[in-house]
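1. structure, please.
(chains A and B)
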Amino acid sequence: MTWTLATPLVLPFLTAVLAFLARYGTTGRWFSVAGNAVLLAASILLMARVLDQGVIATQMGGWAAPFGITLVADYLSAVMVIITAITALAVSVYALTDIDVRKEQLGYHALFNILIGGVVGAFLTGDLFNLYVWFEVMLISSFGLLILGGNKDQIDGGIKYVTLNLISTILFLSGIGLLYGMTGTLNMADMARAIDSVENQGLVTVVAMMFMVAFGVKAAVFPLFFWLPAAYHTPAFSVSAVFAGLLTKVGVYALIRMFTLVFDGDVGFTHQILLWVAALTMITGVLGAAAQNDIRKILSFHIVSQIGYMIMGLALFTPLALAGAVFYLVHHIVVKANLFLIAGVAERTAGSTDLNRIGGLYKSAPLLAVLFFIPAFSLAGFPPLSGFWAKYVLVAAAIEIQGWIIAAVALLVGLLTIFSMTKIWAEAFWKPHPEGADPALSQLTPQARRHLLIPIAALAAMTLVIGFSPDPFVTFAKDAAAQLLDPTAYITTVLGGEA
Amino acid sequence: MNSIILRVGTRYLCGLLVLFSLYMLIRGHNEPGGGFIGGLIGSTGFVLFALACGTADARNALKIMPQNIAMGGLGIALLAGIFAAFFGDALFTGQWLFINETPDDKGIPISTVLFFDIGVYLVVFGSILSIVFAMEEEI
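-> Prediction:
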């Protein structure tokens, strides 16, 4: 029973060890694919159990909460683990062709799987200090991935990335120390219970702000996002896809978790700030993207802009808004990872990701054009693709509580997103190739085509499924939001019945 | 650095440091010490070796690539954690075996906790050395 929770956490590390020991030769990469396929199966099992029981928890090492480290999964955690596994599987298949032998021998597959392990750990842990440890695991492995192969751009982006994230980690750690001093516990469920009886509630709000900044850097919100566009366009496409899909979303997840479970004492103050942050993040992100001329840079700025929508859902703090945020998270991870994978194929066929130097993909690679169209216009919020429903829920939630300004901002940013996506569409796909080349997919070997296009098509299919039958997903997101807003079940499950 | 004093000194110190690190590893079972600090101390032995005789010699003396040591350690630590599954316990629950146990003496205790610590030792030892060797070779 307890192993349903532990398996998704252990698997990526086992995969990493096996893939590393077999890094010379071709077995390593297949270990990675197989490991992530098993991870997906394990996370589906986890989801089934969570759907059955609501919240499940297990105590590592058999030490009872709040003293030991708790693993806990509610609807939000479970869905995040599944989506992580899906992304990891897609990217590990894509990496079969995308990652060259040299990077494999430097340990790409091991780092990649350790990163996935860190992400899964962050989603499943119920202990604040353990969350910090998972953030560190992610930071170290992602830094390794970012500079793997080591050209100058990569080192430049990597340094910015690691410096800013270290600042965030230090703030996070100090915040944990202060909270521990005030409540005497590190278990998040126990903390949620103990924090109301802290005398100095002003200090709690101060610590809440420290967490907001720490997770804000991770999630790349305004004005702390600038490390992201500086780093995400430099590494291999597999790497930037998994970064774009998952890393910032761990920050968003941590924000949602902490600001629904622990810091819900002064919602009028903290969530008001979050609302401003959300609006500014959306706007700066989308404007930044409009000024770029490289596919990956445009997409990087759009990550920032989209994070704003998720924060908006958290900031509005109504059941519908939180459901919107959860829905948005799921939709966004699939779409964004896919767009980066497609950018990789565009570079392979047309020779670059710089929009001035490529073109003609619509004519010579119509399949790629269709595959791009689905996630790109889902991101922009075209009905009936998944992004439309995500935005629809959020805007409806804003209007429901008369948040006219934030609703207007969300709609305007959606419009500007269409502008950016249309720009990529017009430049990379419609206009003829400036050098008169014919960037067809048939340039790639059949094997490369299989490895690159199957994950892209699978993710695009997911976007379509979410888009055409949003009902079960919205219902699920609403249930997840209800759990977040009323954490009683979470707290009783973790602490073993005594609430 | 080419200094005969350092080279000769290292010959003794390296072995001593590794031995001491093993002592720290075992001692960590019931008293201050353990895999993490043991791994740090053990790696200083080979860092010293690399400073005195160069990384090529240090790598030769080590025989196994430090990255492999680190990943092998991670594997050992994980297996020690997963071992609890065979007994139906939660992840990382310690499993104990007492050799020559008598009613008033626990005998020689062997536990998964020890193997976990050995894993940690190897992870720390291997990662520190891979970083230091890489930096030494860059300069």
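2. can we go C-alpha only for contacts and neighbour counts from here?
-> OK.
3. and chain B, which residues reach chain A?
-> Contact residues (CA under 8 Å from any CA of the partner chain) of chain B with chain A: B:68, B:71-72, B:74-75, B:78, B:85, B:89-94.
4. element containing the residue most central in space within chain B, please.
-> Note on chain B: the residue nearest the mean C-alpha position is residue B:121, at 3.2 Å, using CA atoms, centre = their mean. Using DSSP states H and E, residue B:121 sits in helix B:112-138.
5. quick one: mean pLDDT over that helix.
-> When pLDDT is averaged along helix B:112-138, the result is 88.
6. stretch A:416-423 now?
-> On average, stretch A:416-423 scores 88.
7. over to stretch B:15-33?
-> So the average pLDDT for stretch B:15-33 ends up being 90.
8. what residues of that stretch count as buried?
-> B:17-19, B:21-22, B:24-26, B:28, B:33 (16 or more other CA atoms under 10 Å in any protein chain shown).
9. among those, which are in helices?
-> Those of the buried residues of stretch B:15-33 mapping onto helices are B:17-19, B:21-22, B:24-26, per DSSP state H.
10. thought the residue nearest to the centre of chain B was touching residue B:41?
-> No - here residue B:121 does not reach residue B:41: they are 9.7 Å apart, not a contact under CA atoms under 8 Å.
11. give the contact list for the residue nearest to the centre of chain B.
-> B:25, B:34-40, B:73 (CA atoms under 8 Å, 6 or more residues apart in numbering or on different chains).
12. from the middle of its chain, how far away would stretch B:66-84 be?
-> 11 Å (CA atoms, centre = their mean, to the nearest Å).
13. what residues sit buried inside stretch A:270-283?
-> Result for stretch A:270-283 [16+ other CA under 10 Å]: buried residues A:270-271, A:274-283.
14. would you format those residues as CSV with distance to residue A:235 included?
-> Shown next, in CSV, are the buried residues of stretch A:270-283 (distance: CA to CA, whole Å):
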residue, distance to residue A:235
A:270, 36
A:271, 35
A:274, 31
A:275, 32
A:276, 32
A:277, 28
A:278, 28
A:279, 29
A:280, 28
A:281, 24
A:282, 25
A:283, 26
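15. inside helices: which ones of the residues you listed?
-> Those of the buried residues of stretch A:270-283 lying in helices (DSSP H): A:270-271, A:274-283.
16. so which of those residues reach chain B?
-> Okay, of these, nothing touches chain B (CA under 8 Å from any CA).
17. next, give me the two most distant ones among those residues.
-> A:270 and A:283 (20.4 Å; CA to CA).
18. residues contacting the residue of chain A found nearest chain B?
-> Residue of chain A nearest chain B, by CA to the nearest CA: residue A:61 (3.6 Å). By CA under 8 Å, 6+ apart, the contact set of residue A:61 is A:68, B:89-94.
19. can you tell me how far it is from residue A:220?
-> 35 Å (CA to CA, to the nearest Å).
20. and if you look at residue A:79?
-> 22 Å.
21. tell me which of those two has more neighbours.
-> Counted by other CA atoms under 10 Å in any protein chain shown, residue A:79 and residue A:220 do not tie: residue A:220 has more neighbours, with 28 against 25.
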